[in-house]
Structures are given as C-alpha cells and as structure tokens.
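Undergrad: what's the 3D shape of this:
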Amino acid sequence: MVTAESISAAILTKGNEIKELKASSIFSKEALKPLIDELLALKTAFKEANGGVPYENPADPNKKKEKEPKPQQPAEKTGPSKKDLQKAAKKEKKAAAKAEAAASTMTTTASSKTGGLLPNPTMAKPTLEGETVFFSLDRPPVVTYATVLLTKSAVKFVPHPPTQSDGASLEPQLFLMDGTSLFGDLSIARFLARRSPLPEHQALIGGGAAGGNDALLASEVDQWLDFVQQYHMALAPAEAASVCSNLNAVLELRTFLVGYSMTLADAAVYVFLQVNKFMGHVAGLPHLSRWFDLVMARAPEVATAHNKILAMRGKVLKESGREGGREGAGKVAKGGEGNGNLGGGDTGSCPPLEGAVVGEVVTRFPPEPSGFLHIGHAKAVLLNDFYARHYKGRLIVRFDDTNPSKEKDEYEDSIVQDLASLGVVGDIVSHTSDYFQLLEDMARKLVEEGKAYMDNTPQEKMQEERLNRVESVHRNNSVEENLKRFEAMLAGDREFCMRVKIDMTSVNGTMRDPVLYRANPQPHHRTGTKFRAYPTYDFACPVVDSLEGVTHALRTTEYNDRDEQYYFLQDLMGLRRVKIQSYSRLNFVQTELSKRKLTWFVEQGLVEGWNDPRFPTIQGVMRRGVSIEALRAFILSQGASRRNVLMEWDAFWSINKKGYEHSSARYMAVFAESCVPLEVSNGPKGVEGITIPLHPKRPELGSRVLRLANRVLLEGQDADGLVEGEEITLLRWGNVQIVSVERDAGGKVVGAKAEHVPDGDPKATKLKLTWLADVEDKVPVVLTEFDYLITKKKLEEGEDFKMFLNPVTKAESMGWGDPALRNLKQGEVVQLERRGFYICDRPYMGPEKGVVLFMVPDGRSKAMSTLSGALKHV
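TA: Below is the predicted model:
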C-alpha cells in the first residue's frame, strides 16, 4: 500500500530533478513540462493518502521562521511532519553513501570483473619469454617503464586488449621467470631499482649514491611515492594549481626532491605532472620549472616514457576498435568557467568550441612526415591537445602521408620525438595511408557518377584557366573515357589527374575544379608499391576527418578560403560535417616557417640540418637552449586568437632566460686569442683550490673547486681598462692591486702585474672582473653565437627570401674555460659569468676536442655586462 510518507519522498525527489534541469545547459520549457505534470500528480495522490490534507513544501533551513502562537490543542497528526521527512531524507542519503562505499570496497577486493588494486587471479602463471609487465589500458605503468629504461632492465610490456565485458581497472603486474609476481606501478619500479647492484640505480630509491642517510632518504622517496599514489586521478584546476605551488615552494631550496641526485621520487612526480597536463601551471613557477627542465635533461627516459607506453595503449585501442565513453559524456559545454584558459597561469584565451559536447569532442593534429616540426606546428598541436583535454575528449595524431616523394620514416620518427618533448600524447595514432583503398574507391565512384573527370592539362595552363575561370576541354568527356583513364592513373600513368566538378565560375578559387587524385610512381614509405596514385590533401583531409570521428578541425586562418571546399566534399561524399575553428598562425620576425623554404636551406648546405640551432624547428630551438616549458608557456599564452601578429623573439628569449637564472651553475671563461696574463706576485706558488658554490645564491645546487694561481688570464677587453695603483676585484677570489701595466707599441695592454690584497673589500672596487687561472688543465671551449638567416623583419608577398640572406649567421670563438667544464653533459645549460647563458652542444672529448657551447639569447641586443661577442644575441 502506498503511504503518504513514500509519496512525500517521491515529491522531494521529483522537485530536485526539476531544479537540476533548470540549472543545466539543456534546460527548455518542453523538457520541463512533463516533469511538472508528474509533480502535480504526486501532490494530488499525497492529498488523497493524507486524508485530504494537501502537501506542504519543506521549510528552507536557511530561512528564519516567524514565531507563531501555540494552538490551545495540538491538531491530530494525519501524516509525517516536515521534521520527520527531513530526518528520513538524511537517513536515506547516509544509507546510500554507505552502500556506495561498500560497493567501492568490494570493487577493489573482488574479482577482475569489477576491477581493483589486486593482481588478476586469472593470470597467475602466464607463459613467459622473459620478465613481463601486464597492464590495463587505463593504468599504464609509466614510472615502471621509465625505471626499466634508467636501469636498462630486460622487461617486456604487454597491454591487455579490452573486451566487451571488460570493466576491470587492474594495477600493472610484473611476472618473473620463477612464477612469482608483483603488482603496482610504483612497487614494481622500486623492486627494479632495488635489485640492481649498481650505485646509480640504488640511488633511485635513496641508496648511498643519493647522498646522506640511506634510511632517511629511502623514507623520503617513499613519502613522495605515497604523494603520487594519493593523487592518482586527475585534479580540478584549482587543486592542480595548489599542488604545483606547493611543489614550487619545496624545490626553492632543493635541486632534486630527495638528496643530491635524481630518484624515483623525481621520476614519479614528473610523470604525475605530465600525465595530468599541468604544463601551464609549471611554466609560471620558477623553481618547479627549473626542476622540470633538469629532469628532462638528466633523464630523457623519464620524459619520453609516458609517450612510449601510451603508444602501446593507443595501438591496442585502435586494433580493438574500442569506443570508450568518458565521465561527463553527453553534456553540452557552456562557454563559462574553464573555457577561456589554456591550462592555468598566464596562458591566454581560447574561445569555446562551437557545439562542443563534453566527452564527445575529438580533435586532430595531422602533420605531414616530410620534415621536422617547427614552432608553428607546436602551436597547432598544443591547441588541439588543450581542447581535447578540456572537453574530456580525444586527440588524434594522424600522419598525413599522401605524398611519397617527400615523406620518410626519419621525419615520422622525429615528429614522435618532438611530441614527446612537448608532453603531448595522442589518444589515437593513425595514417592517411590507412584509408588509401577507401579513398580510391570513393574517387572511382565520383568518376562513375560523372562528378569527376580526368584531365591532362599542363599545370601552368591549368592554373591560368582556373584563374580566368575557363573550363578544361576534358570537363565534359564521357564517363567511360574518364574511367579508362582513371584506371590507367591508378596503374601509374602520370599523364592524367582526377579533378572534381564544382564550379569554374565561383568567386572562390578553391572551388574551381580542384585536383583530387594524381599518379606518383615513387614507392610509399609504408605501403611500398601497392598504390601508384594518391589522394591530394584537399580530398583526403575532409574525408578522413569525418571517418575518424573528428568533431572540430582547428585550422589556421590561411585555410579560410578552403573551408567552403572542405564542406562541399564532405557533402558530396555523403559524410558527416566536421566543424572548423580557425586561429592565427604563429609568425616571428626574420624567421621562415615554410617547409619548402626550410628544405632549401638544408639542401643548399647553409645549415647543418633540420635540427640546426638557427632553424625554428622544435629540435633546432631546443638545441639552441630553449626550455620546453618556456616554449609551452609562450605558445599557450598566445591562445587561439584569429588576429595575426608578427612576434618578436626578444620576448620569448626573455621568458626562456628566467628559468635558467635559478637553475644554471656559474663558471668563467676567456677568449683564447685576446686574453691577457696577470701576474699576482704574492699569489699561490703552485696551484691551489678553494670550494665555491655553483650558484652564489643557490648553495643547494652544490659546489665546485676554483683553481688559484700566481698567473691568471683576463679578458683583453677588461685588461685595456687597468690602471696602475687601482684596486680591482677578481670575482670569487678577492681583491688585487695593479702594480704595473705593460703595453705594446700600439698602446694595447699585453700584460700586467698585481699584488693580492687579502683584506680587500670587494664592495669598494669599481672593476669586478672574470678571470681564469692559467693552469695546465684549463678546458678548451668553442663559444658559438648565431644570427638570423634572413635580414628583413617581414617579407612582403612576392618577395624572394633568397634576396635577403644573411651572409654571416654563425661565429665561433676559441676560449679557455674552468676545468670543471669538462664534466658538462650535452644539453646542460650554464652561465659564463658576465657573458650569458650557454648550452653544451658537445661535451669535452679531449684536448683536441674541447667543449662546444652555444650562446642562449637572453632577449637583449647586446652581450651581458661589458663583454661583447662576435654577434648580437638573437
């Protein structure tokens, strides 16, 4: 029997349902009406069950009640009071919470059908060819993978392909050859480091090589691993910003999270930040940013582990054809909170995607494997990645390999490497060549239906005809004739290409019968000689975008004229339309981003290759000393605006320098050809050493030995300013008084003598000079500076870039450096005092092959302090 109490509870539930609908983004009167009708019917039923007494809404607990006079005699109760109903609702809520918690507990301890933190019992004794880690697709063992790379362990990784009934969320499980197993990403990583006898591997879990008390350090490492385990799932933006801020504070006085070398704590926290897409927060925090760059430089295995392990995941998902739903799927995103910010911090503005539905947005980044990615591509991929993550959708990385004449495996490998450097991982990786057969069938159908024709008009004449809106003489050939020539083209005949019939009178030039298919006898780097003709980008892009489920195609404004053609072809083929969102291309002064022009520089031998430090490629700017975090921060700060702006490099280099100011060790060096000897009469008789910090304001970075001798080398430029009797400061040593200055016939200083002043006050001197002890083990260095490849800030349309080539873009100066520079690693950034920041391009390889250092621009047109270089800082 239905009671008044149960009906009252149903009324409360229905009322809450109506409130939620009114607050949602899909609110409409049409959707609201049936709910109101149901609510009224429930109230009528309540009145009948309650002896004719109508339903009253429960009082608002926040609203003050007016005192009412007490009745002389209490009325007889005919149903539950408001207070009873509120108590009942609270009880139901608590019971539901208890049930949910119990269900959650069962999930983590029950069988693999419900998922959990226990190993899969069905895999107790798998057949193994070696030690193997099995893992579920939603729990990739990234820290374990990084540890395997760091320790060079022979361990295989096998992702579980999903099944229709698969609801499991199992922890990674390592199986050893003796049948024993271990599960949990962090536990497996600990085990792999602990079993290695090498000190550097023991240091990963707080062993002796990390410095300090082993037990304490090991506990500190465990503490950070517990921290990562606590925040296993993605965080809300505010919570993420708070976590990053706390990490920044911790790292203010530390080089690494634990001890004086890298540990699993650094690897796990790095992966945690990388997986949760916290790059925008990291970039705005100097200590965290410095640490992030340090981990990337010291342990690239950690930086790339996420990308590599998820590539396995993406392959399995693609092969299984799994279409996973996501939390929040189906909700139309509103253009309010969270839609105008790229990852936190000063990250610019991104307009919301039109018609975006949370959980259903699919973006794509389609690089052509015919060259290296440049900073313009970095903007494209970061914007696509941002929107995919913001709307809890997916990012497709699709290699647009439709031109075998230009494409190589080498370029595809470089793109994968660059994406890993940027911290971008595609949810799906595909190739346009996966669809060659389907595109060929579609093209044949267009010919059969008379919607396309074969044309052998020479390219120059075809361009002229399209410009003048003149139809080709072949436009109205018979279907039979076109089909015959189409099949000949597919067999490799290059005489004819296929054009689609659109409108030769259109004001939009892209609609005047564009070419969709052409022959190319060059073997394809993936399909070999299976195909002899290939679709153009104009044909393949709209077709594959639609077929792969892309919802929003982000394109630069230079493609605006092609948008009409893009939609026309999708309509012509009967495909779902993909929404296009435009943004401005990233342009820098005196910089060419055209792949064709960059290829010309490479082919002419004007640069070393695609990773030349004068090139705007991602690998080029990294080799020049660009911090990936600075690159991300700068690009994301531009947002997805449609306004075209010519950017100055100075602002970018200035951002880049800030991170190095906190993390770079200080050394000294002098030019070999122009340095001048200074004899210190009361200096050390032999060679002595004192310990000084690597960074005067950051003692936690460590220390080094500074050589002292009675003969030191000064910069010739500094020596010219010496005055007899003047007291000067030799940085990091102390004061000396100039006794005499020796000049040649032209008045140039060629030597000087001085006396050390032990109690001299460095604050009282005017000149504070860098110097170098003239000792046998001083290190030969090559100080390298670069300039722009072209001399004009902005090339106008029609101007030939070859007319503005810079004749001198590289200058090398031989020098002598601190003996400690022989320990530099490739990619390490240091500061040469009073000169600037330098990145090590080649480490010390002996007296004949010294350290090669590239100057890292700092946003200034002149060198730091009074020391000048061969070129300006650009």
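Undergrad: rest of the way, CA atoms for contacts and neighbours
TA: Fine.
Undergrad: And stretch 692-710, end to end?
TA: The separation between the terminal residues of stretch 692-710, taken as Cα to Cα, to the nearest Å, is 19 Å.
Undergrad: Let's see stretch 359-371 as PDB, backbone CA atoms only.
TA: What follows is the C-alpha trace of stretch 359-371 in PDB, where atoms were taken according to Å, rounded to 0.1, in the frame of the first residue of the first chain:
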ATOM      1  CA  GLY A 359      33.200  13.700 -23.600                       C
ATOM      2  CA  GLU A 360      32.500  13.700 -27.300                       C
ATOM      3  CA  VAL A 361      35.000  16.300 -28.600                       C
ATOM      4  CA  VAL A 362      37.600  14.800 -31.000                       C
ATOM      5  CA  THR A 363      40.400  17.000 -32.400                       C
ATOM      6  CA  ARG A 364      43.300  16.000 -34.700                       C
ATOM      7  CA  PHE A 365      46.800  17.100 -35.400                       C
ATOM      8  CA  PRO A 366      47.700  16.000 -39.000                       C
ATOM      9  CA  PRO A 367      51.500  16.500 -39.600                       C
ATOM     10  CA  GLU A 368      53.000  15.600 -42.900                       C
ATOM     11  CA  PRO A 369      56.100  13.400 -42.400                       C
ATOM     12  CA  SER A 370      58.100  15.400 -44.900                       C
ATOM     13  CA  GLY A 371      60.100  17.500 -42.500                       C
END
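Undergrad: Any idea how far it is from the middle of the chain?
TA: 14 Å (Cα atoms, centre = their mean, to the nearest Å).
Undergrad: tell me the pLDDT at G328?
TA: G328 carries a pLDDT value of 46.
Undergrad: so who does the closest residue to L789 other than its chain neighbours touch?
TA: Counting by Cα to Cα, 6 or more residues apart in numbering, N806 is the residue found nearest to L789 once chain neighbours are left out, at 5.3 Å. Neighbouring residues of N806 by Cα atoms under 8 Å, 6 or more residues apart in numbering: Y788, L789, I790, T791.
Undergrad: Turn the residues you listed into a markdown table, columns for secondary structure, distance to D818 and neighbour count.
TA: What follows is those, written out as a markdown table (DSSP: H, G, I helix; E, B strand; the rest coil; distance: Cα to Cα, whole Å; neighbours: other Cα atoms under 10 Å):
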| residue | secondary structure | distance to D818 | neighbour count |
| --- | --- | --- | --- |
| Y788 | coil | 30 | 21 |
| L789 | coil | 32 | 22 |
| I790 | strand | 35 | 21 |
| T791 | coil | 36 | 17 |
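Undergrad: Please identify which of the residues you listed is nearest to P458.
TA: When the contacts of N806 are compared for distance to P458 (Cα to Cα), I790 comes out closest, at 34.2 Å.
Undergrad: Could you measure from R643 over to A553?
TA: Counting by Cα to Cα - R643 and A553 are separated by 18 Å.
Undergrad: And the two? Which one has more around it.
TA: When R643 is set against A553 and neighbours are counted by other Cα atoms under 10 Å, the residue ahead is A553, at 20 against 9.
Undergrad: and the one helix or strand that one maps to, what's its mean pLDDT?
TA: Using DSSP states H and E, the secondary-structure element containing A553 is strand 552-556. Strand 552-556 shows a mean pLDDT of 94 in the predicted model.
Undergrad: could you dump stretch 675-686 to PDB, C-alpha only?
TA: Once non-C-alpha atoms are left out, stretch 675-686 reads as follows in PDB (Å, rounded to 0.1, in the frame of the first residue of the first chain):
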ATOM      1  CA  CYS A 675      93.300  37.200 -23.200                       C
ATOM      2  CA  VAL A 676      96.000  39.000 -21.200                       C
ATOM      3  CA  PRO A 677      98.200  37.400 -18.400                       C
ATOM      4  CA  LEU A 678      98.100  39.000 -15.000                       C
ATOM      5  CA  GLU A 679     101.000  38.100 -12.600                       C
ATOM      6  CA  VAL A 680     100.000  38.100  -8.900                       C
ATOM      7  CA  SER A 681     103.300  38.400  -7.100                       C
ATOM      8  CA  ASN A 682     102.100  37.200  -3.700                       C
ATOM      9  CA  GLY A 683      99.700  34.600  -5.100                       C
ATOM     10  CA  PRO A 684     100.000  30.800  -4.600                       C
ATOM     11  CA  LYS A 685     103.400  29.400  -5.600                       C
ATOM     12  CA  GLY A 686     101.700  26.300  -7.000                       C
END
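Undergrad: chain center to it: distance?
TA: Here stretch 675-686 is found 51 Å from its chain centre; the criterion is Cα atoms, centre = their mean.
Undergrad: What of stretch 791-810?
TA: Per Cα atoms, centre = their mean, the displacement of stretch 791-810 from the mean C-alpha position of its chain is 31 Å.
Undergrad: Enumerate the positions of it that are buried.
TA: Going by neighbour count (16 or more other Cα atoms under 10 Å), the buried part of stretch 791-810 is T791, K792, K794, L795, F801, T809, K810.
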